[in-house]
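Student: after the sequence you'll find the predicted model.
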Amino acid sequence: MAKYEKAHAMYVRLQGADGPKIAMVLGNMASVIEKQGKSKEALPMREQALDIKRRTIGIENDQGVVSLYNLGVVHFDLGMYQEALSRFEEGLGIVRRIHPERNVLE
């Protein structure tokens, strides 16, 4: 975890607090924390990573969908089922728009 924190500080220094690399590092840090069973601590990192992606690269892409899914999983793990469902549905909607060839079952 210390290396992720060091990378986060370095990217913030080099790119500011809103770069796509910041979102990537936050997501990686959240993954480590989740694996330690600390979903509540990971939630703000997942939210911040998604917010950064929304503002910088947008979420109408595969990376955005993965961020929505990861946030949904944290919500689910915390018993926040409506929030989880909202993130999953938003991600599914994006997949249906950007990958219409994957919608063969509909």
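Tutor: Yep, that arrived. Numbers count the residues shown, from 1 in each chain.

Student: now the helices for this protein?
Tutor: Remark: helices assigned in the chain by DSSP state H are 2-15, 20-35, 39-56, 62-77, 81-98.

Student: now those in a markdown table, please, with extra columns for mean neighbour count.
Tutor: In short, each C-beta sits where N, CA and C put it, glycine included. As requested, these are exported to a markdown table (neighbours: other Cβ atoms under 10 Å):
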| stretch | mean neighbour count |
| --- | --- |
| helix 2-15 | 13 |
| helix 20-35 | 19 |
| helix 39-56 | 18 |
| helix 62-77 | 20 |
| helix 81-98 | 15 |
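
Student: with adjacent residues omitted, what lies nearest to M29?
Tutor: Y4 (4.6 Å; Cβ to Cβ, 6 or more residues apart in numbering).

Student: ok, now I52?
Tutor: A23 (4.1 Å).

Student: list the contacts of the one you found.
Tutor: 48-50, 52-53, 56, 67 (Cβ atoms under 8 Å, 6 or more residues apart in numbering).

Student: what pLDDT does Y11 get?
Tutor: Y11 carries a pLDDT value of 71.
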